[in-house]
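Asks: sequence and predicted structure below; questions after.
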2 protein chains.
Amino acid sequence: MKVITDEPLPSKAKCAGSLKNVLDALYVLNGKWKLALIFSLMGSSKRFNEIQQEVTGISAKVLAKELKDLELNGFITRNVYPTTPVSIIYETTGYARTLRTVIGELSAWGQQHREKIKQSMRKQVDIAKA
Amino acid sequence: MKVITDEPLPSKAKCAGSLKNVLDALYVLNGKWKLALIFSLMGSSKRFNEIQQEVTGISAKVLAKELKDLELNGFITRNVYPTTPVSIIYETTGYARTLRTVIGELSAWGQQHREKIKQSMRKQVDIAKA
DNA sequence: GTTAGTACTTACCTAAAGGAAAGCGCTTAC
DNA sequence: GTAAGCGCTTTCCTTTAGGTAAGTACTAAC
């Protein structure tokens, strides 16, 4: 067991940058819905109500707010088509698609995480301390 | 321009699962700090004050809460060494390390995102609609 | 006229996140 | 004794996220 006491700056400088990157990414992608919304629109462009149906649980207010936010940050565009009642269709930008790998990894991780949780619930916990 | 009106369920069923995965992942990894803390401890095991110094901006209260949360979820372990004043060292578990790729992607994306933001601030915005 | 649908907005409210500052129990150094 | 350091906890407070429900502006159908 190595008790760290006299190592003020081992290699922190080089890691601090990466840490800042993580923090920066989380800053624009925060909240419960942003990544899910981008993911939903990456599948196909959709209109307001369609999004609300797919992303179950989101309220109209929050959805409107998040869509504005995502548009301001350049992740999606809001297209108004002058059909008889105007159609408003949201779609992802190319920039949002740079998040594809991030979201892909997150989705894959989320899947195996759910599996793990289900198993540990069956075991009823005997892992007080591993 | 393709106005979606008569496509109730094109391929939603297969995407809904992935969407749920994303939501599930975000559920355990929510908040400003969790991924950053895991990332910090992935670099090297640390004690309380060391973490607080590296992850600048986090308060003692929030750090204590997040560490408890991460321990409960099996991402980190809290090791108490019976040195003269007890040393408490936090380290990541193997499970936390399954997040390595996710965090790696997030960090890489955060880096290029900051670059993009810096550029668009110089240009002073002439990208009303691309 | 009413009703219905789309895409929201507005008002109100609760809960949770997060921050600042102080305190606490312990030990060691002076 | 005092002071300082560690690893927190406690208290108080503000901010933010998010939810519900109602309303609004438009149009078209009945």
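Replies: Nice, thanks for sending it over. Numbers count the residues shown, from 1 in each chain, chains lettered A, B, ... in the order given.

Asks: what are the ranges of the helices in chain A?
Replies: With DSSP state H as the criterion, chain A has helices at A:12-28, A:34-43, A:48-54, A:60-72, A:100-122.

Asks: which elements pack onto the helix or strand bottoming out on mean pLDDT in chain A?
Replies: Counting by mean pLDDT, DSSP states H and E, chain A has its least confident helix or strand at helix A:12-28, which shows a mean of 76. For helix A:12-28, the packing partners by 3 or more Cβ pairs under 8 Å, 6 or more residues apart in numbering or on different chains; DSSP states H and E come out as helix B:34-43, helix B:48-54, helix B:100-123. Bear in mind the C-beta positions are built from the backbone N, C-alpha and C, glycine included.

Asks: pick the most deeply packed of those helices.
Replies: helix B:34-43 (a mean of 23; mean count of other Cβ atoms under 10 Å in any protein chain shown).

Asks: list the contacts of that one.
Replies: Applying Cβ atoms under 8 Å, 6 or more residues apart in numbering or on different chains, the contact partners of helix B:34-43 are A:11, A:15, A:18-19, A:22-23, A:26, B:28-29, B:46, B:51, B:54-55, B:63, B:66-67, B:69-70, B:75-76, B:90-92, B:96-97, B:99-100, B:102-103, B:106-107.

Asks: on that earlier part again, what about the least confident helix or strand of chain A, near DNA strand C?
Replies: No: Helix A:12-28 does not reach DNA strand C (Cβ under 7 Å from any atom of the strand); its nearest approach is 9.0 Å.

Asks: ok so, going back, mind giving me the ChimeraX select for the contacts of helix B:34-43, buried ones only?
Replies: Buried subset of the contacts of helix B:34-43, written as a ChimeraX selection, criterion 16 or more other Cβ atoms under 10 Å in any protein chain shown:
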select /A:15,18,19,22,23,26 /B:28,29,46,51,54,55,63,66,67,69,70,75,76,90,92,96,99,102,103,106,107
